[in-house]
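Participant: All I have is the shape, not the residue letters:
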DNA sequence: TAAGCCCTTAATGTTGACATTTTCAGTCTT
DNA sequence: AAGACTGAAAATGTCAACATTAAGGGCTTA
């Protein structure tokens, strides 16, 4: 009598989620040290599960750990953010190319539902930006549509945590309105046509656009500053 | 009086390396369970550091862990291997495109040294295959030449462990002789010309070739077997 | 004989204490 | 006053024991 896919949350996995969210939202600041003893007291758990959570977050690129010195939250330098988007470009463009081949028609229907929800939201709020959660849901559906576990793991576990962190802590980095929706439609259209090359190209452009907006915004805000590469982004 | 970048190996990191090698070589078989209690006794350590090592290997995709049930070594199905190579294709082709822009001339000199060593080896052994270590060194130099930490991490921590595991446990999957060397030369040439597009295209072809050889070999060896996708590779 | 239940056993999850290393403040020396 | 040394305090690394959950064998029963 089991079968049920274990909703049982182990303490260590709960801690992972809690810390992950705290890092993404900036509740735990970039570059700040994660003291095991302090956190353990503060959250009223022992250090064992906490250490495991930290190891996992290390694997998610959210934390940098130095032996015998402890763990720190990563800092989102401009260069680092651009590197994140380069990795995302490589992986997610490949993901949609595979999705164009591997998605079922039910999977594609789901894409339409997600896009329609975005369109409805834009209409109702008359042109504001797409909610972050809705955008993630769309991209996640695409990524899972690739049916490639390795790419899915790399994107969802290693890349998207960083992207969420960056977007959450940078007001202006939220996905921009109608342009994104148009690009989303183009991607779904390409997948519907089972056109892997078109899907890949369109997604690549979608991400490069996002990357370019970030770069331009940074240059606008730090025009006269030297050594801009090593300055923290916000 | 320190500065020295800490050669001090913590026990948990030593365990990580030991287990990693044991998994890659097949000393610990694919799909077999990693019992914490048994391993701890066997290696004469406590379970704490061992658990951390297992978490890290989990992040490297070498181990699959199910809460309350334990950890198992991954199985290299054909489909999984092909997925690994698809992820590698996406990431490493982007890596060399970036390397063509970002590598210093000293970095490129190093590439030449690595290739010359391969050529020398082929000459001396008259056409045998390039040693695995030499091939890894070359690809690692390229990847690090991208100067992109995210891509580097994804490839070196998540992908290459699996590739080494696959190659080590499949005699015939070793890199094949002179063709590879030619392709290596072409990649270095493209980087020297600072031609990102050419470098990317050449690397993509290099990896697709490897992937195709794997697929063909599998089909040759399992012609009449149904459900070949879910059969373990070796 | 096969299916289901119970109980024993063993494994994973968690905790608190101990060991070792790092950090840092205070002192001393030049 | 600047720098190096010393020692106390705190942090990370490690260990062994406890708690809880899953796994396996034997029994009963249909």
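Facilitator: Perfect, I can see it now. What you see is a predicted model, and the numbers here were worked out from it, not measured in a lab.
Participant: In chain A, mark out all the strands, start to finish.
Facilitator: For chain A, the strands defined by DSSP state E occupy A:33-34, A:63-66, A:70-73.
Participant: helices or strands next to the second one in the packing?
Facilitator: Counting contacts by 3 or more CB pairs under 8 Å, 6 or more residues apart in numbering or on different chains; DSSP states H and E, strand A:63-66 packs against helix A:47-59, strand A:70-73. C-beta here means a position set from N, CA and C on the backbone, and glycine is covered the same way.
Participant: can you tell which of those is closest to chain B?
Facilitator: Checking those against chain B by CB to the nearest CB gives helix A:47-59 as the closest, at 3.0 Å.
Participant: Is DNA strand D within reach of that closest one?
Facilitator: Yes. Helix A:47-59 is in contact with DNA strand D by CB under 7 Å from any atom of the strand, via A:47-48, A:51.
Participant: For DNA strand C, tell me which of the residues you listed show up nearby.
Facilitator: Answer for these near DNA strand C (CB under 7 Å from any atom of the strand): A:47-48.
Participant: and of the residues of helix A:47-59 next to DNA strand D, the nearest to residue B:192?
Facilitator: Using CB to CB, residue A:51 comes nearest to residue B:192 of these, at 46.2 Å.
Participant: my guess is that closest one contacts residue A:34, does it?
Facilitator: No. Using CB atoms under 8 Å, residue A:51 is not in contact with residue A:34; the gap is 10.3 Å.
Participant: My guess is residue A:111 contacts residue A:138. True?
Facilitator: Yes. Shown here, residue A:111 and residue A:138 form a contact pair, counting by CB under 8 Å, at 7.2 Å.
Participant: neighbour count winner among these two?
Facilitator: Comparing residue A:111 with residue A:138 by neighbour count (other CB atoms under 10 Å in any protein chain shown), the higher total belongs to residue A:138, at 24 against 21.
Participant: how's chain A carved up into domains?
Facilitator: Taking automatic domain parsing as the reference, chain A has its domains at A:11-73, A:78-230.
Participant: and the shortest one, how far apart are its ends?
Facilitator: From the first residue to the last, domain A:11-73 extends over 21 Å; the measure is CA to CA, to the nearest Å.
Participant: quick check, distance from stretch A:38-50 to the centre of its chain.
Facilitator: 27 Å (CA atoms, centre = their mean, to the nearest Å).
Participant: ranges for the helices of chain A?
Facilitator: Using DSSP state H, the helices of chain A run over residues A:11-25, A:36-43, A:47-59, A:78-102, A:105-124, A:132-145, A:149-153, A:160-168, A:177-192, A:196-221.
Participant: check contacts around the residue nearest in space to the middle of chain A.
Facilitator: Of all residues in chain A, the one closest to the mean position by CA atoms, centre = their mean is residue A:160, 2.1 Å from it. Neighbouring residues of residue A:160 by CB atoms under 8 Å, 6 or more residues apart in numbering or on different chains: A:136, A:139-140.
Participant: coming back round to it: which one of the helices of chain A is the most hemmed in?
Facilitator: Each of the helices of chain A was scored by mean neighbour count; the highest is helix A:78-102, a mean of 23, by mean count of other CB atoms under 10 Å in any protein chain shown.
Participant: can you tell if that helix touches chain B?
Facilitator: Yes. Applying CB under 8 Å from any CB of the partner chain, one finds helix A:78-102 in contact with chain B at A:80, A:83-84, A:86-87, A:89-91, A:93-94, A:98.
Participant: Make TSV out of those and add distance to DNA strand C and pLDDT.
Facilitator: As requested, these are arranged in TSV below (distance: CB to the nearest atom of the strand, whole Å; pLDDT from 0 to 100):
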residue	distance to DNA strand C	pLDDT
A:80	23	97
A:83	27	98
A:84	28	98
A:86	32	98
A:87	30	98
A:89	36	98
A:90	33	98
A:91	29	98
A:93	36	98
A:94	33	98
A:98	32	98
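Participant: which one of those sits closest to DNA strand D?
Facilitator: Closest approach to DNA strand D among the residues of helix A:78-102 next to chain B (CB to the nearest atom of the strand): residue A:80, at 22.8 Å.
Participant: which residues sit in contact with the closest one?
Facilitator: Counted by CB under 8 Å, 6+ apart, residue A:80 has contacts A:74, B:149-150.
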